[in-house]
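Enquirer: sequence below, structure please.
(one chain, ligands or ions: 1)
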Amino acid sequence: MEKEKENFEKDFLSFLNEGGLVWGPSPEIYGGLAGFYVYGPVGKLLKNKVENSIRRVFNIHGFRELECPMVVPDIVWKASGHLDTFKDRVIKCSKCNSVFRADKLIQEKYDVPADGFSDEKLLDFIKEKKIKCPTCDGALEGKINSQSLKMKTTVAGQDAALRPETATVTYLSYPRTYNYFKKKLPFGVFQIGKAFRNEISPRQHVLRGREFTQAEGQIFVDPQEKNNWQKYDEIKNESLPFWDYKSQESESAVKSISVAEALKKGFIKSQAYGWCIWLAYTHFKSLGIPAEKIRLRQHHPDEKAFYADDAWDIEIKLNLYGWFEVCGVHDRTDYDLKQHSKFSGKDLVAERENGEKFVPHIL
Ligand SMILES: [Zn+2]
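Expert: Next up, the predicted model:
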């Protein structure tokens, strides 16, 4: 089976090369730097098509597009929390000194969502399954270290970084976007652009590159209106494959239930958030991915990113790499605007009709 998969991967990658889809790692004539790829003529056309379909969907729903810088001063990442927490947990081979992402080592082989594991659980799993170094088959060290994903640079004597995600940068123009939308919430903006992560060991081709394109939409909403969501009624009876974290723990199958039922069961906390999940899910389905190969997986409370109050991933089952996260839907609450307000000294608030001021939530 392993052999069969390897051959399939080889055939597939040579198809990507010869068909003019994706070339690399780039620059190939210099031996290539892992995690960087060239989209060839056909690949670029296909990528444009996907990006434009995302653009169209966001626009239909009233989101407006922004383009923000990719180079961002460190103060922003300090405020957002990325500077201190944006790290990968790595494990080293005691024989050849290669370093690997501990969660990915497990995930690639056993198809379990190991990014939610504690350090201890990662080590236990590696020990129990006797996972060895994929490079030399040597023994892995018995400890987990963390490594920053930040891609550093210096501009005008200031420390800066290439953005590890597009989202944070979108929030920084909040006073401008709030004005642009005539100080009326909710409003949505989106970005399609590059993000950079200094991955320790890029693998799985473009799926885990060091430079990649992200598309993200952000809705700014009055927290009091999250359960009074205009578009909710149109979609509440739609069935989606929700897989909550408790079902994952008890290894129960994914069940399709309506958005309304998911809200009633407490899988999700608000109508607005349910609408966001619905939007992301239907878009992936409209790209032609078969329904049985898409699922919505809730993050375990231990796994959630530091900024998220609720988090569900859209995962797609790939022939080569198993279930793979293609999209994250997060309720970031007022975390980001509060943090950036604290660090910048600027008021990042909105006003209700009665003159009450509040910090908007971001979905
Ligand atoms: Zn090794």
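
Enquirer: contact partners for Ala253?
Expert: Ser247 (C-beta atoms under 8 Å, 6 or more residues apart in numbering). The C-beta positions use only the backbone N, C-alpha and C, and glycine is treated the same way.

Enquirer: how about it, secondary structure?
Expert: With DSSP: H, G, I helix; E, B strand; the rest coil as the basis, Ala253 sits in coil.

Enquirer: secondary structure element for Thr154?
Expert: strand 151-155 (DSSP states H and E).

Enquirer: buried ones in that strand, by neighbour count?
Expert: Residues of strand 151-155 classed as buried: Met151 (neighbour count, 16 or more other C-beta atoms under 10 Å).

Enquirer: the domain parsing of the chain - what is it?
Expert: 11-81+149-221+335-362, 87-148, 223-331 (automatic domain parsing).

Enquirer: circling back: give me the sheet partners of the strand holding Thr154 and which way each runs.
Expert: strand 158-162 (antiparallel) (DSSP bridges).

Enquirer: which residues touch the partner strand?
Expert: In contact with strand 158-162 (C-beta under 8 Å, 6+ apart) are residues 70-74, 77, 150-154, 195-196.

Enquirer: residue ranges with poor pLDDT in the stretch 151-300 of the chain?
Expert: Counting by pLDDT under 70, the stretch 151-300 of the chain has no low-confidence residues at all.

Enquirer: in contact with the residue of it found nearest the ion, which residues?
Expert: Nearest residue of the stretch 151-300 of the chain to the ion (C-beta to the ion) works out as Ser201 at 11.6 Å. Counting by C-beta under 8 Å, 6+ apart, Ser201 makes contact with 34, 98-101, 104.

Enquirer: in helices, which of those fall?
Expert: Mapping the contacts of Ser201 onto helices (DSSP state H) picks out Lys104.

Enquirer: narrow the contacts of Ser201 to those in strands?
Expert: 99-101 (DSSP state E).

Enquirer: and which of those is nearest His205?
Expert: Arg101 (15.6 Å; C-beta to C-beta).

Enquirer: residues contacting the closest one?
Expert: 88-90, 199-201.

Enquirer: make it 10 Å
Expert: For Arg101, the contacting residues are 88-91, 107-108, 114-115, 122, 147, 199-203, 208, by C-beta atoms under 10 Å, 6 or more residues apart in numbering.

Enquirer: repeat that for Arg352.
Expert: 185, 222, 224-225, 358.

Enquirer: go on, Phe343?
Expert: 75-76, 78-80.

Enquirer: ok, now Ala262?
Expert: Contact partners of Ala262, counting by C-beta under 10 Å, 6+ apart, are 236, 239-240, 242, 244, 268, 273-274, 277-278, 296, 298, 312.

Enquirer: from those residues, which land in strands?
Expert: 239-240, 242, 296, 298, 312.

Enquirer: which of the residues you listed sit farthest apart?
Expert: Farthest apart among the ones in strands among the contacts of Ala262 by C-beta to C-beta are Ser239 and Gln298. That separation is 16.5 Å.

Enquirer: so these two - more neighbours on which side?
Expert: Counting neighbours by other C-beta atoms under 10 Å for Ser239 and for Gln298 shows that Gln298 has the greater number, 21 against 13.

Enquirer: okay but that one is in contact with Ala311, surely?
Expert: Yes. At 7.2 Å, Gln298 counts as touching Ala311 under the criterion of C-beta atoms under 10 Å.

Enquirer: intersection of neighbour lists for those two?
Expert: 245, 304.

Enquirer: and the helix or strand containing Gln214, how far out from the chain's middle?
Expert: Assigned by DSSP H and E, Gln214 belongs to strand 211-221. Between the centre of strand 211-221 and the centre of its chain there are 9 Å (C-alpha atoms, centre = their mean, to the nearest Å).

Enquirer: packing partners for that strand?
Expert: helix 41-60, helix 167-171, helix 174-180, strand 187-196, helix 271-286, strand 322-331, strand 361-362 (3 or more C-beta pairs under 10 Å, 6 or more residues apart in numbering; DSSP states H and E).
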